[in-house]
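Visitor: Can you look at this prediction? I've put the sequence above it.
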Amino acid sequence: MSEFGHIGIVGGGAWGTALACLARRAGRRVTLWSRDPAVARAIAQARTNSVYLPGLPLADGIDAASDLAALASCDAVLLVCPAQAVRTVAARLAGRSPIVVCAKGIEASSGLLMPEVLAEVLPGRPVAMLSGPSFAEEVVRGLPTAVSIATADAGLGRDLAAALAAGAFRPYWTDDVLGVALGGAVKNVLAIAAGIVEGRGLGYNAAAALITRGFAEMARLGGALGAELSTLTGLSGLGDLVLTCHGPLSRNRSLGMALGRGEALSQVMAGRRQVVEGQATAPAVLARAGRLQIEMPICAAVDAILHRGADLDGTIRALLARPLRREGR
């Protein structure tokens, strides 16, 4: 048994549930806390999450926690709440065990990436970041999945990877924490753009161009922040970008598709229970890029459509009318 014999999960949504099942498959004791106690009890007792993963049988042996204090004795805690709630929830986590952030986004109020938020809230506590192309439903079903685990301590990264590796789930470790965090945040914004392209019927050529030029924006910002290009071209960057822009289970892509078909944002969001991270991340990405004088026209277009009432077709025309330039810049 690894030193991480007891894993705590904060969050009973689709991804938190999937990671709880994964940890159980890996032979770990698992305790899950959800803000909705009924969800946690259903996962533990009925092996179901009818709210976020309906129809999928879950692993047995997952314990339910009614209080976050119950996770203080865990050997590692996976923080799987929405990105905009990370600061508030993390401040309630007692103990000294490593925190593995599994939320993808940038804090809207501060412009900080998730590991930077944890460094402020829990200074000195070991922090890792788990990200990569991983739909929760496929992880629960045991389909092949590979992700990145980033932490400044290489030994901790190896141990966490070993603790979570199970069956077809393959974690790779790296020390590029900000690179992994950045890829998972920016890809959500670009996935909304990809959905708009599809919903508007702009074709496969446009979809390929969108992903390629969107990745160039991610790489520009990542370079300015000190991220490694090998990280951005890896699982947590390009890999997650491809999945989120094309995969039918992507919430960000589906939001963009609805907007592309002409639906109003308020109408699209009215019936959704799950957070669409790219919506809040778009202005935060632009604010961070602006301070570094990094140009991100696709992300800016998404922000303008979501938050500034920009006309969809006019925004697309403006992107296509941008001055021609040498590729690679």
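Guide: That came in fine, so what should we check first? Numbers count the residues shown, from 1 in each chain.

Visitor: what about N188, distance to G179?
Guide: 16 Å (C-beta to C-beta, to the nearest Å). Quick note: C-beta positions are derived from backbone N, CA and C, even for glycine.

Visitor: Likewise for V121?
Guide: V121 is 21 Å from G179, by C-beta to C-beta.

Visitor: Just give me the neighbour total for P126.
Guide: Residues near P126, counting by other C-beta atoms under 10 Å, number 17.

Visitor: Please compute how far the lowest-mean-pLDDT helix or strand in the chain lies from its chain's middle.
Guide: Lowest mean confidence among the helices and strands of the chain (mean pLDDT, DSSP states H and E): helix 265-270, at a mean of 89. Centroid separation between helix 265-270 and its chain, computed with C-alpha atoms, centre = their mean, to the nearest Å, is 21 Å.

Visitor: for stretch 210-221, same thing?
Guide: On C-alpha atoms, centre = their mean, the centre of stretch 210-221 falls 17 Å from that of its chain.

Visitor: For that stretch, give the mean pLDDT please.
Guide: For stretch 210-221, mean pLDDT rounds to 97.

Visitor: Which residue would you name as the spatial centre of this protein?
Guide: In the chain, the residue lying closest to the centroid (C-alpha atoms, centre = their mean) is K104, at 2.9 Å.

Visitor: Report the secondary structure state of the nearest residue to that one once chain neighbours are set aside.
Guide: Take K104 and drop its neighbours on the chain: the residue closest to it by C-beta to C-beta, 6 or more residues apart in numbering is G184, 3.5 Å away. Here G184 is recorded as helix under DSSP: H, G, I helix; E, B strand; the rest coil.

Visitor: so how many other residues sit close to S66?
Guide: Neighbours of S66 (other C-beta under 10 Å): 11.

Visitor: Return the residues in contact with it.
Guide: For S66, the contact set (C-beta atoms under 8 Å, 6 or more residues apart in numbering) comprises W33, P37, A40.

Visitor: Tell me how far it lies from R24.
Guide: 20 Å.

Visitor: next one: R200
Guide: Where R24 is concerned, R200 sits at a distance of 42 Å (C-beta to C-beta).

Visitor: ok, now E138?
Guide: To R24, E138 is 17 Å away according to C-beta to C-beta.

Visitor: Measure how buried the residue nearest to K104 is and give me the count.
Guide: Neighbours of G184 using other C-beta under 10 Å come to 32.

Visitor: shouldn't it be in contact with S236?
Guide: Yes. Between G184 and S236 there is a contact under C-beta atoms under 8 Å: 5.8 Å.

Visitor: so what sits against both of these two?
Guide: Contact criterion C-beta under 8 Å, 6+ apart; residues shared by G184 and S236: S131, G132.

Visitor: that older thread, show me which of the contacts of S66 are buried.
Guide: Among the contacts of S66, the ones that count as buried by 16 or more other C-beta atoms under 10 Å are W33, A40.

Visitor: Which member of the contacts of S66 is positioned nearest G12?
Guide: A40 (5.3 Å; C-beta to C-beta).

Visitor: Could you list every helix and strand in contact with the strand or helix carrying that closest one?
Guide: Assessed by DSSP states H and E, A40 sits inside helix 37-41. On a contact count with 3 or more C-beta pairs under 8 Å, 6 or more residues apart in numbering; DSSP states H and E, helix 37-41 meets strand 62-65.

Visitor: List of residues touching the helix or strand that the strand it packs on is followed by?
Guide: Next along the chain after strand 62-65, taking DSSP H and E as the criterion, comes strand 76-79. Contacting residues not belonging to strand 76-79 are listed as 4, 7-11, 16, 19, 23, 71, 86, 89-90, 93, 95, 97-103, 118, 130, 160, 163 [C-beta under 8 Å, 6+ apart].
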